[in-house]
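**Q** Using only what follows, build the 3D model:
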Amino acid sequence: MQATQKGRTLVKSKKLLIAGAVVIMSLLGCATSYKSWRQREIIRLQQESTMSETERGSVEYHMAGSGPAVLILHGSPGGYDMGIAFAQLLDSPNFTYLAVSRPGYLRTPLTSGETPEEQADLYAALLDKLDIRKTTIIGISGGGPSALQFALRHPERCSKLVMVSGVAQRYCENEIKQAGPPLKRIYRQVYDRIISFEPLLFLALPLTRLQPTRPGSDRLLRSVTMYDLRKTGYANDMAQFANISVYPLETITAPTLAIHGTADGEVPFADAELLARKVPTIKLLAIPGGGHLAFYTHASLVMTGLREFLQAA
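**A** Predicted structure coming up:
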């Protein structure tokens, strides 16, 4: 009887050892795959972009397509690769898309422009370098302040202005995080931990294949990975946004479209309402119940409206 019991115990121990070995080997395999992926990503990011030396400093960009220029400014965090993902979601072949990495992100140094005003001047200098006279400018989330400044400081070069869940007034991340009920604050803390833990995002990448009708899904998720290459820009954005003064929005002359989810928990819908009150030539596309990524979760509605706005005379 005792021998039988010892035999069972031994078998269980062996199974546990085998299971443990399998888990360890799987973790090692994932770690190796992640390291290899990261190296490939860095190479890809460098190969898909171009560095330009302008009168205002160095700036990284990607340009593709043909037709009127559309300058896409990514959110916080992000990079030119977020601009590419957005252009893929828009899926319109009638434009030349110019996606930049704002200062502090990827290969654009922070010295090229810390403030939204300086960044707006950097975009104008890049347009000079590329011999582009006028452009539509799209500010996504944290790209909003410098998009507004471009419209304000360079009105003769701004054919249209689009704000997508865009920051339009003073924004303090800590205040936003502390707002709302306790469950919402806990959710924000968990979300921040997840978004900053790159290996977890790496494991989530295959899930983007479940969205075959959204060609920008994979790129959109990858545009918030490699956080160490984006954190300088993010930290600068948070410092700059907390010091935003009142912009003279009523002086914006470019036809403007504001796209914003009414349930945006990152950039309040109040920012879009402010634009709607102040900007003379604005159209507000409110997404009922839409969150901060309404341009993705409600892509059909958003991109249809955006295409119509861009193509209008």
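**Q** pretty sure Ala99 is in a strand, no?
**A** Yes - under DSSP: H, G, I helix; E, B strand; the rest coil, Ala99 falls within a strand.
**Q** Could you give the number of residues near Leu285?
**A** 21 (other Cβ atoms under 10 Å). C-betas here are computed from N, CA, C, even on glycine.
**Q** Over to Pro288?
**A** Neighbour tally, Pro288, other Cβ under 10 Å: 10.
**Q** List the contacts of the nearest residue to it once chain neighbours are set aside.
**A** Spatial nearest neighbour of Pro288, chain neighbours left out: Thr262 (5.5 Å); criterion: Cβ to Cβ, 6 or more residues apart in numbering. The neighbours of Thr262, taking Cβ atoms under 8 Å, 6 or more residues apart in numbering as the test, are Phe269, Ala286, Ile287, Pro288, Gly289, Gly290.
**Q** could you pull out the helices for the stretch 151-300 of the chain?
**A** 173-178, 182-196, 198-204, 217-222, 231-241, 270-278, 294-297, 299-311 (DSSP state H, counting those that start in this stretch).
**Q** what about the strands in the stretch 1-150 of the chain?
**A** Applying DSSP state E, counting those that start in this stretch to the stretch 1-150 of the chain gives strands spanning 50-54, 57-65, 69-73, 96-101, 135-140.
**Q** okay if I get those as JSON lines plus mean neighbour count and mean pLDDT?
**A** Formatted as JSON lines, the strands of the stretch 1-150 of the chain follow (neighbours: other Cβ atoms under 10 Å; pLDDT from 0 to 100):
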{"stretch": "strand 50-54", "mean neighbour count": "14", "mean pLDDT": "98"}
{"stretch": "strand 57-65", "mean neighbour count": "19", "mean pLDDT": "98"}
{"stretch": "strand 69-73", "mean neighbour count": "26", "mean pLDDT": "98"}
{"stretch": "strand 96-101", "mean neighbour count": "25", "mean pLDDT": "98"}
{"stretch": "strand 135-140", "mean neighbour count": "26", "mean pLDDT": "98"}
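**Q** To Gln178, which of the ones you listed lies closest?
**A** strand 135-140 (24.5 Å; Cβ to Cβ).
**Q** by how many degrees do the closest one and strand 96-101 diverge?
**A** 50 degrees (axes from the mean of the first three to the mean of the last three Cα atoms, to 10 degrees).
**Q** in its sheet, what does strand 135-140 sit against?
**A** strand 69-73 (parallel), strand 158-164 (parallel) (DSSP bridges).
**Q** List the contacts of it.
**A** So strand 135-140 is contacted by 68-75, 78, 82-83, 86, 95, 98, 123, 127, 145-148, 150-151, 157-166, 295, 310 (Cβ under 8 Å, 6+ apart).
**Q** Check stretch 45-64 too.
**A** Stretch 45-64 is touched from outside by 79-81, 83-84, 87, 96-101, 103, 106-109, 111-113, 118, 121-122, 124-126, 128-130, 226, 229, with contacts defined as Cβ under 8 Å, 6+ apart.
**Q** Quickly list the domain ranges of this protein.
**A** 1-47, 51-311 (automatic domain parsing).
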